[in-house]
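Peer 1: What would the 3D arrangement of this be:
(chains A and B)
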Amino acid sequence: AQKVTQAQTEISVVEKEDVTLDCVYETRDTTYYLFWYKQPPSGELVFLIRRNSFDEQNEISGRYSWNFQKSTSSFNFTITASQVVDSAVYFCALSDPRGTQGGSEKLVFGKGTKLTVNP
Amino acid sequence: DSGVTQTPKHLITATGQRVTLRCSPRSGDLSVYWYQQSLDQGLQFLIQYYNGEERAKGNILERFSAQQFPDLHSELNLSSLELGDSALYFCASSVARGWGTDTQYFGPGTRLTVL
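Peer 2: Have a look, this model is predicted:
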């Protein structure tokens, strides 16, 4: 079965520190997709990134970067020079094709990591 | 703003009652998903509809049902409510082109409180 583990329940850093959020996944599929979502205190879920299993290139977007390693089944997320506005719960998710038909498989989410950035 | 709208934002009701949550997907998206977020279970997939038809079912209780209408908006009906149904209910939508996996964009959620 698909499983996503975010071992860090809560992380607290001081502004401008770099922080890495860990995500480890389990799947028997050879083709799958991984996602990161952000849930700020206001409650909405905001999409950050999608990566397919064939693309192991790391990605950088501004202060955000993602490190995807199939060998360790990890898809870690790093925020460089963190800011107070980065405070949120971050979720890693894995696509699950079981029981669905054609495209847009359901998502299996990790429990989330609550990041607090203090001024 | 994801473009997915959900109403109402908050809902407070009593045990045994029935409520309806509404979702309008992003323009052009054919698939709608419902998820439940609770403290003990986390974010869990409930059900998916694609262009009016049910496509996938997750951990959805028999007391819960959903449908997608011809204009593609969706409703999630929760009946015989129990205290444990209190949660944040999210709707998400995606294009669902039929290959690969599309990104799901989430609405702001409906917070349901059962007293």
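
Peer 1: what stretches of chain A score poorly on pLDDT?
Peer 2: A:97-104 (pLDDT under 70).

Peer 1: where does B:P70 fall, phi/psi-wise?
Peer 2: Torsion angles at B:P70 (phi, psi; degrees, to the nearest 10) stand at phi -60, psi -30.

Peer 1: how near is the closest residue to it other than its chain neighbours to chain A?
Peer 2: The shortest distance from B:P70 to any non-neighbouring residue, by CB to CB, 6 or more residues apart in numbering or on different chains, is to B:G52 (6.5 Å). The way it works is simple: take the backbone N, C-alpha and C, and place the C-beta from them, glycine included. B:G52 is 14 Å from chain A, where distance means CB to the nearest CB, to the nearest Å.

Peer 1: what pLDDT does B:G52 get?
Peer 2: On the pLDDT scale, B:G52 is placed at 92.

Peer 1: and it, what is it in contact with?
Peer 2: B:68-70, B:72 (CB atoms under 8 Å, 6 or more residues apart in numbering or on different chains).

Peer 1: could you flag which of those residues are buried?
Peer 2: B:68, B:72 (16 or more other CB atoms under 10 Å in any protein chain shown).

Peer 1: what's the farthest-apart pair in the contacts of B:G52?
Peer 2: Greatest spatial distance in those: B:Q68 and B:P70, 8.5 Å, computed using CB to CB.

Peer 1: do you know how far B:A56 is from B:T13?
Peer 2: 27 Å (CB to CB, to the nearest Å).

Peer 1: Which of those two has more residues huddled nearby?
Peer 2: B:A56 (21 against 16; other CB atoms under 10 Å in any protein chain shown).

Peer 1: quick check, that one in a strand?
Peer 2: Yes: counting by DSSP: H, G, I helix; E, B strand; the rest coil, B:A56 falls inside a strand.

Peer 1: Report the secondary structure state of the residue nearest in space to the middle of chain B.
Peer 2: Taking CA atoms, centre = their mean, the centroid of chain B lies closest to B:W34, which sits 2.9 Å from it. Following three-state DSSP, B:W34 is assigned to strand.

Peer 1: Show the contacting residues for it.
Peer 2: Contacts of B:W34 by CB under 8 Å, 6+ apart are B:23, B:45-48, B:60, B:66, B:74, B:76, B:89-92.

Peer 1: same question, A:V19
Peer 2: A:11, A:13, A:78-79, A:82, A:115, A:117.

Peer 1: can you redo the residues you listed as CSV with distance to B:G84?
Peer 2: Shown next, in CSV, are those (distance: CB to CB, whole Å):
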residue, distance to B:G84
A:I11, 29
A:V13, 35
A:T78, 37
A:I79, 35
A:S82, 36
A:L115, 28
A:V117, 33
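
Peer 1: Thanks a lot, see you next time.
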